[in-house]
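*Asks:* The amino acid sequence is not available; the structure is as follows:
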Ligand SMILES: O=c1ccn([C@@H]2O[C@H](COP(=O)(O)O)[C@@H](O)[C@H]2O)c(=O)[nH]1
Ligand SMILES: [Zn+2]
Ligand SMILES: [Zn+2]
């Protein structure tokens, strides 16, 4: 089984480790500061083929200035990858770097430029990715889809794979990028790779997403999947790993031709750490979100014709349990493969530990140059640090139940929405105000609130809309929306606790978090939440104002009938992005 070196150096004096970057983005007391004196970290288990995986980076390349757990930036990550690749060379094994998409929407650094990603994408491009998939955030707007198609995808020399996406810029659909890539690794492993996105329907007209079930029936896929000169299938996908119809279809389409050839899967989109067993030779990993996690996978015991890749640490975990992802499949006890997986925290301590370096010896001119680029790029956007007000307390996305006064959704629905989401001259009207919880994406932490924090908490310019409807239908809207098929997000089935650090349980056990964290509790979040203002005495015939954002008014409108008006803009261009800045400017103290 996996090596657990609990005698390894401990994470002591973390805050004094010099990890904080000097970007002047937001200097304030760090409410999530790691207060424990020591945290165990585990050695990595190297196999013949090894992977580092990122997903859903959403522009967080400057690192998390307010959370020491994830305080490295992409310069540090570049040095980490470079050193790990050198280590792989020395060990005589392969190390591949994979990304599963969603590069846009989530920080001011990424989103406050035209085009979106003007400063972040050149930094991301400095990393030597071996395989990348597209995410839904590359396809929402035509502007970003155009930039991805014309400038980003071609840069990767055939490794930015879009197996089920077409570009539609000229009115004639054509492959967005290469549909697959076939190559032989440095140590002679023959790889066939695909990369899919889930069956996404919210894309602009600039792209066409082919449902995965149709894509795997296409002739190009059948031609490639039926080849016999393949040692491993490598499939990246912007697809939730667990309980996924799409992954099930991809897995089955490969297994139809290759009953035992190793399949390595790299999922994303759900923003969680997770690993899922498809069968004894097919395992998937998902590596979190927002540059908080680097996923590590090692595979050993590849087919006998793979002769040049060494086995530096011997076998790791053999898959003996019935796979969770494919009901009815029996464990293949004859499999020669073994696996290890780890979720590395995105910080300098972790990167130095795994490269056996120190604070003095870790960085090279490569990483330092990238970090300097990040600092000057961030500095070129001084508006990001503009303080709009002081957040009165810390409010969390999913550490606490939405009934808790430490929940962001409780704060939004009980304080923020009633105060600021109202059309001019309609403050006396009874009203309900709904938001999709997916629009709010990061904790709101006590202290100065900047434009950058605004992008982090809600980057979307979805207009606040208003419609008048009788209470008889408005009163059921929230319940109806929770079960609305179109906008429903998959529920995460992993027992994942978001705390001072992540505490993950996946198909391979509970030893995946590379740095062990202290659990502080977690809570599930419904798809929608609602503020109720002055509706306590409403009767069925009372006309109430219903507020929703343009992201889901089409869905909400289906449930509002009888004496309703049409959706109109609530307040000019006032959008979901503007909600917390308006609150900050109008209601929060300026003294912090
Ligand atoms: O205009 C938009 C677009 C998306 N959303 C919300 O974001 C999530 C998708 O984000 P992922 O990073 O892909 O998970 C989507 O489900 C919506 O909840 C939005 O609010 N407005
Ligand atoms: Zn995402
Ligand atoms: Zn996504």
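*Replies:* Good, I have the coordinates. Computed from a prediction, not measured in an experiment: that's the story for all the values here. Ligands and ions are numbered 1, 2, ... in the order given.
*Asks:* Residue of the stretch 201-350 of the chain nearest ligand 1, please.
*Replies:* Residue nearest to ligand 1 within the stretch 201-350 of the chain: residue 269 (5.3 Å; CB to the nearest ligand atom). Placement of C-beta: from N, CA and C, glycine included.
*Asks:* neighbours of that residue, just the number please.
*Replies:* For residue 269, the neighbour count with other CB atoms under 10 Å is 27.
*Asks:* same thing with residue 385?
*Replies:* Residue 385 has 19 nearby residues by other CB under 10 Å.
*Asks:* And the one 5 residues further on, by the same measure?
*Replies:* By the criterion of other CB under 10 Å, residue 390 has 16 neighbours.
*Asks:* Show me what the host helix or strand of it is in contact with.
*Replies:* Element membership of residue 390 [criterion: DSSP states H and E] is strand 387-391. Residues from elsewhere that reach strand 387-391, judged by CB atoms under 8 Å, 6 or more residues apart in numbering: 444-451, 453-454, 581, 583-585, 587-592.
*Asks:* so what strands line up beside that strand?
*Replies:* strand 447-450 (antiparallel) (DSSP bridges).
*Asks:* downstream neighbour of the partner strand in the secondary structure list?
*Replies:* Strand 447-450 is succeeded, C-terminally, by helix 451-457 (DSSP H and E).
*Asks:* so does that following helix get close to ligand 1?
*Replies:* No. Contact between helix 451-457 and ligand 1 is absent, the nearest approach being 11.7 Å (criterion: CB under 6 Å from any ligand atom).
*Asks:* re earlier: and the contacts of strand 387-391, which are buried?
*Replies:* 444-445, 447-451, 453-454, 581, 583-584, 588 (16 or more other CB atoms under 10 Å).
*Asks:* now, which of those residues sits nearest ligand 1?
*Replies:* residue 454 (14.3 Å).
*Asks:* per-residue confidence at the closest one?
*Replies:* For residue 454, the model assigns a pLDDT of 98.
*Asks:* Which secondary structure state does the residue nearest to it when sequence neighbours are not counted sit in?
*Replies:* Nearest non-adjacent residue to residue 454, counting by CB to CB, 6 or more residues apart in numbering: residue 581, 5.1 Å away. Three-state secondary structure (criterion: DSSP: H, G, I helix; E, B strand; the rest coil) places residue 581 in helix.
*Asks:* quick one, helices of the stretch 151-300 of the chain?
*Replies:* 212-215, 219-225, 245-255 (DSSP state H, counting those that start in this stretch).
*Asks:* no no, the stretch 301-450 of the chain
*Replies:* 348-354, 365-379, 408-411, 417-420.
*Asks:* Let's have those in a markdown table, adding mean neighbour count, distance to ligand 2 and mean pLDDT.
*Replies:* Formatted as a markdown table, the helices of the stretch 301-450 of the chain follow (neighbours: other CB atoms under 10 Å; distance: least, CB to the ion, whole Å; pLDDT from 0 to 100):
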| stretch | mean neighbour count | distance to ligand 2 | mean pLDDT |
| --- | --- | --- | --- |
| helix 348-354 | 23 | 22 | 96 |
| helix 365-379 | 17 | 21 | 97 |
| helix 408-411 | 23 | 18 | 98 |
| helix 417-420 | 20 | 24 | 98 |
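*Asks:* For the ones you listed, could you give me a markdown table that also reports distance to ligand 1?
*Replies:* A markdown table is the format used below for the helices of the stretch 301-450 of the chain (distance: least, CB to the nearest ligand atom, whole Å):
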| stretch | distance to ligand 1 |
| --- | --- |
| helix 348-354 | 24 |
| helix 365-379 | 22 |
| helix 408-411 | 13 |
| helix 417-420 | 15 |
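*Asks:* Kindly reformat the ones you listed as JSON lines containing distance to residue 114.
*Replies:* JSON lines is the format used below for those (distance: least, CB to CB, whole Å):
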{"stretch": "helix 348-354", "distance to residue 114": "32"}
{"stretch": "helix 365-379", "distance to residue 114": "14"}
{"stretch": "helix 408-411", "distance to residue 114": "29"}
{"stretch": "helix 417-420", "distance to residue 114": "27"}
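*Asks:* Which stretch among these approaches residue 248 most closely?
*Replies:* helix 408-411 (31.9 Å; CB to CB).
*Asks:* Let me see the residues that make contact with the closest one.
*Replies:* By CB under 8 Å, 6+ apart, helix 408-411 touches 395-397, 400, 402-405, 437, 440, 443-444, 457, 525, 529.
*Asks:* count of residues packed around the closest residue to residue 187 other than its chain neighbours?
*Replies:* Excluding its sequence neighbours, the residue lying closest to residue 187 (CB to CB, 6+ apart) is residue 309, at 3.9 Å. Residue 309: 24 surrounding residues under other CB under 10 Å.
*Asks:* Ramachandran coordinates for residue 309?
*Replies:* phi -90, psi 130 (degrees, to the nearest 10).
*Asks:* near ligand 3, which residues of the chain?
*Replies:* For the chain, the contact set with ligand 3 under CB under 5 Å from the ion comprises 102, 135-136, 269.
*Asks:* for those, which one is nearest residue 147?
*Replies:* residue 135 (13.8 Å).
*Asks:* Can you say which helix or strand has the residue lying closest to the closest one once chain neighbours are set aside in it?
*Replies:* Computed as CB to CB, 6+ apart, the closest residue to residue 135 that is not its neighbour in sequence is residue 101, at 2.8 Å. For residue 101, there is no host helix or strand (DSSP H and E).
*Asks:* where does the stretch 451-592 of the chain dip in pLDDT?
*Replies:* 485-499, 520-521 (pLDDT under 70).
*Asks:* ok, which stretches of it are helices?
*Replies:* 451-457, 471-474, 477-482, 553-557, 579-587.
*Asks:* Just put these in CSV and tack on distance to residue 74.
*Replies:* Listed next are the helices of the stretch 451-592 of the chain as CSV, based on distance: least, CB to CB, whole Å:
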stretch, distance to residue 74
helix 451-457, 16
helix 471-474, 46
helix 477-482, 37
helix 553-557, 37
helix 579-587, 26
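*Asks:* in this protein, which ranges drop under the pLDDT threshold?
*Replies:* In the chain (pLDDT under 70), the answer is 1-39, 331, 485-499, 520-521.
*Asks:* Quick check: the residue of it nearest ligand 1.
*Replies:* For the chain, CB to the nearest ligand atom, closest residue to ligand 1: residue 438, 2.0 Å.
*Asks:* does that residue really touch residue 528, like I thought?
*Replies:* No. Using CB atoms under 8 Å, residue 438 makes no contact with residue 528, being 9.3 Å away.
*Asks:* still on that earlier bit, need phi/psi at the residue nearest to residue 135.
*Replies:* phi 90, psi -180.
*Asks:* Of the helices of the stretch 151-300 of the chain, which is nearest ligand 2?
*Replies:* helix 245-255 (15.6 Å; CB to the ion).
*Asks:* That closest one: which residues count as buried?
*Replies:* 246-251, 253-255.
*Asks:* nearest to residue 145, of those residues?
*Replies:* Distances from residue 145 to the buried residues of helix 245-255, taken by CB to CB, are shortest for residue 246, at 20.3 Å.
*Asks:* can you tell me which residues contact the residue nearest to that closest one when sequence neighbours are not counted?
*Replies:* Spatial nearest neighbour of residue 246, excluding adjacent residues (CB to CB, 6+ apart): residue 212 at 4.2 Å. By CB under 8 Å, 6+ apart, the contact list for residue 212 reads 164, 196, 198-199, 239, 245-246, 249-250.
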